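Participant: From the sequence below, what's the structure:
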Amino acid sequence: MGFLRHFRQLWVQVLIGTALGAVVGWLWPHFGADLKPLGDAFIKLVKMAIAPVIFCTVAAGIAHMGDMKAFGRLGLRTLVYFEVMSTFALVIGLVVGVVLHPGAGFNIDPKTLDPKIGSEYLVKATHGPGLVDYLLHLIPNTFVSAFAEGDLLQVLVIAILTGFACTRLGKFGDRAAGVLEDIAQLFFGIIGVVVQLAPIGAFGAMAFTIGKFGVSSLVQLSAVVGTFYLTSLLFVLIVLGAVAWLSGFSILKFLAYIRDELLIVLGASSSEAALPLIMAKLQRLGAGKTTVGLVIPTGYSFNLDGTNIYMTLATLFLAQATNTPLSLGQEATLLGVAMLTSKGASGVAGAGFITLAATLAVIPDLPIAALALLVGVDRFMSACRALTNFIGNGVGTLVIARWEGDLDRDRLKAELDRGPGDEVALLDSVEAG
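Facilitator: Below is the predicted model of the structure:
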């Protein structure tokens with residue numbers, strides 16, 4: 001009976017689904033690779049409700065906030081925090097690559113690598129929008145197009161405009177904000193239904209990863225994969241741990257509190273798969289709705305700690321593996337360019353690899369064909385990127401909420417001491433509460 005009670009918990013089901021997927025992908029690789037639609041379908045179901053949740057939460061929060069100066073201060077502090085933490089992550093990846101030399105001893109001749117693989121990713125990276133085009137892209141073509149395309153930053157822009165409009169419409173604006181809160185509660189309920197499929201999604205995604213890329217590629221490049229996982233772990237425990245401690249909470253308790261979400265992100269290799277869940281949990285921890293609604297979706301484009309670590313560490317690995325020496329000036333250039341190219345990489349699996357291609361393009365001495373070395377293990381590293389990004393945004397939200405005076409510290413302590421609860425009950429009650 002005790003086992004059955006634990007089996008009903010979502011994190012146990014997801015863990016079992018992930019383990020079974022790994023076994024299926026290992027024993028029957030072709031069949032495992034064909035199970036990819038299971039993971040993709042789960043992510044699409046979750047993403048279906050993300051845009052409405054963000055829109056309703058942010059718009060209603062701004063409407064109730066009323067103070068536009070306070071909202072502007074929140075946005076500025078959010079961007080400052082993101083830039084500081086992103087720079088930390090980039091520097092740490094660079095330092096670890098220089099100190100540990102994960103690519104030493106490979107002695108690979110770039111001429112023996114398939115140039116088509118690197119070129120394909122470089123085309124995707126270099127055909128992205130410029131700065132002006134990117135800023136214009138933040139404005140959707142129509143009100144509904146942002147929702148149809150699932151562009152979170154465009155949805156955020158619409159939500160901010162809607163919230164401002166509500167503050168100018170008096171009682172009608174208050175009623176409109178109330179309706180938005182009710183709609184948000186409905187979509188949290190939808191996610192509560194969808195999240196029950198997380199074990200199936202994790203099963204399919206892991207079966208595909210192991211079946212498609214195999215364990216052999218992971219063994220061959222274990223040095224860079226292990227270095228990346230270790231660096232990300234140290235970043236979470238030491239850097240984010242110190243930030244959390246200064247903000248009055250334990251990083252270990254926080255990780256235990258979001259264990260269900262971490263397993264979903266691990267299984268799906270996408271931080272977006274658990275975005276609505278983390279929004280709900282952060283509100284339960286005492287962070288204000290407006291802060292959560294602004295910081296989380298913005299962080300998915302501007303606060304990608306795992307992607308930043310990966311970019312500098314992977315670049316140095318490729319240089320070392322192909323015996324391409326990099327000068328101090330080139331390393332500084334790499335750092336500067338990575339600070340720009342890392343912005344806008346989404347939480348979807350594979351986006352970090354395209355961003356890496358854009359970063360490599362600024363170092364002519366390092367052949368783009370070297371990207372072929374990482375293709376086989378990128379999916380494994382994608383899971384670590386997503387986890388680190390996810391944790392970084394969760395910690396950042398609580399830190400910024402405290403900075404803004406929008407965090408109930410007593411509630412935060414009580415919730416972390418109590419531990420995680422039922423995910424479905426959480427989604428059903430967070431908006432009503």
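Participant: where does Pro140 fall, helix, sheet strand or coil?
Facilitator: coil (DSSP: H, G, I helix; E, B strand; the rest coil).
Participant: Then Leu90?
Facilitator: Quick answer, by three-state DSSP: Leu90 is helix.
Participant: so who does it touch?
Facilitator: Leu90 makes contacts with 308-309, 311-312, 335, 338-339, 342, as judged by Cβ atoms under 8 Å, 6 or more residues apart in numbering. In short, each C-beta sits where N, CA and C put it, glycine included.
Participant: pretty sure Leu275 contacts Val295?
Facilitator: No. The criterion here is Cβ atoms under 8 Å, and Leu275 misses it with Val295 at 12.0 Å.
Participant: Neighbour count: these two, which is higher?
Facilitator: When neighbours are counted by other Cβ atoms under 10 Å, Leu275 and Val295 differ, and Val295 comes out ahead with 30 against 26.
Participant: in terms of contact, does that one touch Leu398 like I think?
Facilitator: No. Assessed by Cβ under 8 Å, Val295 is found out of contact with Leu398, at 9.3 Å.
Participant: Buried residues in the helix or strand hosting Ile54, which are they?
Facilitator: Secondary-structure assignment from DSSP states H and E places Ile54 in helix 36-65. Applying a neighbour-count criterion of 16 or more other Cβ atoms under 10 Å, one finds 36, 38-40, 42-43, 45-47, 49-65 buried in helix 36-65.
Participant: which residue ranges form the strands in the stretch 101-250 of the chain?
Facilitator: Using DSSP state E, counting those that start in this stretch, no strands are assigned anywhere in the stretch 101-250 of the chain.
Participant: For it, give me the ranges with low pLDDT.
Facilitator: The stretch 101-250 of the chain contains residues with pLDDT under 70 at 110, 112-135, 217-218, 220.
Participant: Just say helix, strand or coil for the spatially closest residue to Asn107 that is not a sequence neighbour.
Facilitator: Nearest residue to Asn107 in three dimensions, chain neighbours excluded: Asn323, at 6.3 Å (Cβ to Cβ, 6 or more residues apart in numbering). With three-state DSSP as the basis, the three-state label of Asn323 is coil.
Participant: pretty sure Asn323 is touching Gly105, no?
Facilitator: No. Applying Cβ under 8 Å as the test, Asn323 and Gly105 come out as separate, 10.1 Å apart.
Participant: more crowded one of those two?
Facilitator: Shown here are Asn323 and Gly105; by other Cβ under 10 Å, Asn323 has more neighbours (13 against 9).
Participant: do you know how far that one is from Asp109?
Facilitator: Between Asn323 and Asp109 the distance, using Cβ to Cβ, to the nearest Å, works out to 9 Å.
Participant: Identify each buried residue in stretch 359-379, please.
Facilitator: Within stretch 359-379, judged by 16+ other Cβ under 10 Å, the buried ones are 359-363, 366-379.
Participant: How about stretch 237-251?
Facilitator: By neighbour count, with 16+ other Cβ under 10 Å as the criterion, the buried positions of stretch 237-251 are 239-241, 243-244, 247, 249, 251.
Participant: Of all pairs in these, which one spans the longest distance?
Facilitator: Greatest spatial distance in the buried residues of stretch 237-251: Val239 and Phe249, 15.1 Å, computed using Cβ to Cβ.
Participant: ranges for the helices of the stretch 51-200 of the chain?
Facilitator: In the stretch 51-200 of the chain, the helices defined using DSSP state H, counting those that start in this stretch lie at 68-100, 115-126, 131-137, 145-149, 152-167, 170-194, 198-220.
Participant: In the stretch 301-433 of the chain, where is pLDDT below threshold?
Facilitator: 340-354, 421-433.
Participant: again, only this time at 50
Facilitator: Where the stretch 301-433 of the chain drops to pLDDT under 50, the residues are 347-349, 431-432.
Participant: could you show me where the helices are in it, in order?
Facilitator: In chain order, the stretch 301-433 of the chain shows helices spanning 305-321, 328-341, 351-360, 372-375, 378-403, 409-418, 423-429, with DSSP H, counting those that start in this stretch as the criterion.
Participant: Highest mean neighbour count out of the ones you listed?
Facilitator: Of all the helices of the stretch 301-433 of the chain, helix 305-321 carries the top mean neighbour count, a mean of 28, counting by mean count of other Cβ atoms under 10 Å.
Participant: Packing partners of that helix?
Facilitator: The contact analysis (3 or more Cβ pairs under 8 Å, 6 or more residues apart in numbering; DSSP states H and E) places helix 305-321 against helix 68-100, helix 222-234, helix 328-341, helix 351-360, helix 372-375, helix 378-403.
Participant: So which elements touch the third one?
Facilitator: Other elements packing on helix 328-341 under the criterion 3+ Cβ pairs under 8 Å, 6+ apart are helix 68-100, helix 305-321, helix 351-360.
Participant: and it, how far out from the chain's middle?
Facilitator: When distances are taken as Cα atoms, centre = their mean, to the nearest Å, helix 328-341 is centred 22 Å away from the chain's centroid.
Participant: got the contact list for that helix?
Facilitator: Under Cβ under 8 Å, 6+ apart, the answer for helix 328-341 is 86-87, 90-91, 94, 98, 125, 308, 311-312, 315-316, 326, 355, 358-359, 362-363, 365.
Participant: Done for today, thanks.
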